[in-house]
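Chemist: The sequence and its predicted three-dimensional model are supplied below.
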Amino acid sequence: PTTAFVDLRLSSPVQVALLLCDKLGRNPFSLKAHQVPCPRNPALKGEVSFDYSSHNGYFRIGEGHFAFDTRWSKRSNTLIACYTDSPNRRGVALAPRGADLGSLPAIDTLDFTSRVRTAEVGRLVVLQNTYGIYAVIEIVEIKDDTRGDPEDNLRCKYWIMDDGSSNF
C-alpha cells in the first residue's frame, strides 16, 4: 500500500536520496554534526597527535575493555585540561611533578576525586576506566591557536596496562 511511482527524472539526486531515506524510515540528518565518532588509536601504547578543539575534545586510546575516551580542552600552550566526561572513564589524576613512568608512586595514592585535572607539558596524567584498567598519558606538546600557533594540537605518549595491574 505504500508503493508508488515517482518519476525520478523530475528530481535532483539529493531529492532522490531523501525520498529513499524516507521510504526506509531513516533521517540522514538526525545526528548532529558533532556526534561523529572521535579519532582513535586502538594500540595499547603509542604516541598520538590530534586537534583537541575538534570532536568536543575527545580522542580514544585502546579498544574494548582497554578503551579510554579521553577528553581535553584548552588552557594555554603549556597547560591542558583532561576530563572524566565520558561513559568509560572512572577517574583522572595527576602524577607528582617530575615523575616519569619508572618512578610513578602507587596509583592508589593518587587523587582521582575531581572531574578535571590540568596538566603541563611533561606531566603524567593517570586515568582509570570503568573496568578498573589504568592508563598513563605523558603530555609532550601543546599548541594553542590563540597564542601564536597555527592550530590547536595535543601530542602525547600513552601506555595502557593490559594485565589489570597498576604497576607501570
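Modeler: Good, I have the coordinates. Numbering: from 1, shown residues only.
Chemist: beta partners of the spatially most central residue of the chain?
Modeler: Centroid-nearest residue in the chain, with CA atoms, centre = their mean: residue 59, separated by 2.1 Å. Residue 59 has the following beta-bridge partners by DSSP bridges: residue 70.
Chemist: ditto for residue 141
Modeler: residue 155.
Chemist: which residues does it contact?
Modeler: 49, 121, 153-155 (CB atoms under 8 Å, 6 or more residues apart in numbering). Yep, even glycine has a C-beta here, placed from its N, CA and C like the rest.
Chemist: Let me know the closest of the residues you listed to residue 111.
Modeler: residue 121 (20.8 Å; CB to CB).
Chemist: What distance do you get for that closest one to residue 134?
Modeler: 22 Å (CB to CB, to the nearest Å).
Chemist: Tell me where the model's unsure across this structure.
Modeler: 1-3, 31, 33-34 (pLDDT under 70).
Chemist: Quick one: the strands in it, in order.
Modeler: 40-41, 45-50, 58-61, 68-74, 79-83, 89-94, 116-120, 124-129, 134-143, 153-160 (DSSP state E).
Chemist: Highest mean neighbour count out of the ones you listed?
Modeler: strand 124-129 (a mean of 23; mean count of other CB atoms under 10 Å).
Chemist: other SSEs contacting it?
Modeler: strand 68-74, strand 89-94, strand 134-143 (3 or more CB pairs under 8 Å, 6 or more residues apart in numbering; DSSP states H and E).
Chemist: With distance to residue 35 added, can I get these in CSV?
Modeler: Putting those into CSV (distance: least, CB to CB, whole Å) gives the following:
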stretch, distance to residue 35
strand 68-74, 13
strand 89-94, 18
strand 134-143, 24
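Chemist: I'd like to know which of the ones you listed is closest to residue 125.
Modeler: strand 134-143 (4.5 Å).
Chemist: now the angle from that closest one to strand 124-129?
Modeler: 130 degrees (axes from the mean of the first three to the mean of the last three CA atoms, to 10 degrees).
Chemist: quick one: contacts for residue 102?
Modeler: Contacts of residue 102 by CB under 8 Å, 6+ apart are residue 168.
Chemist: Check the one 10 residues further on too.
Modeler: Applying CB under 8 Å, 6+ apart, we find residue 112 in contact with 90-93, 126, 128.
Chemist: Return the member of those residues nearest to residue 115.
Modeler: For the contacts of residue 112, the nearest to residue 115 is residue 92 (7.9 Å; CB to CB).
Chemist: Please verify my assumption that the closest one contacts residue 117.
Modeler: Yes: under the criterion of CB atoms under 8 Å, residue 92 makes contact with residue 117 at 5.0 Å.
Chemist: just to revisit the earlier point, with distance to residue 79 added, can I get the contacts of residue 112 in a markdown table?
Modeler: Shown next, in a markdown table, are the contacts of residue 112 (distance: CB to CB, whole Å):
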| residue | distance to residue 79 |
| --- | --- |
| 90 | 23 |
| 91 | 20 |
| 92 | 15 |
| 93 | 16 |
| 126 | 17 |
| 128 | 22 |
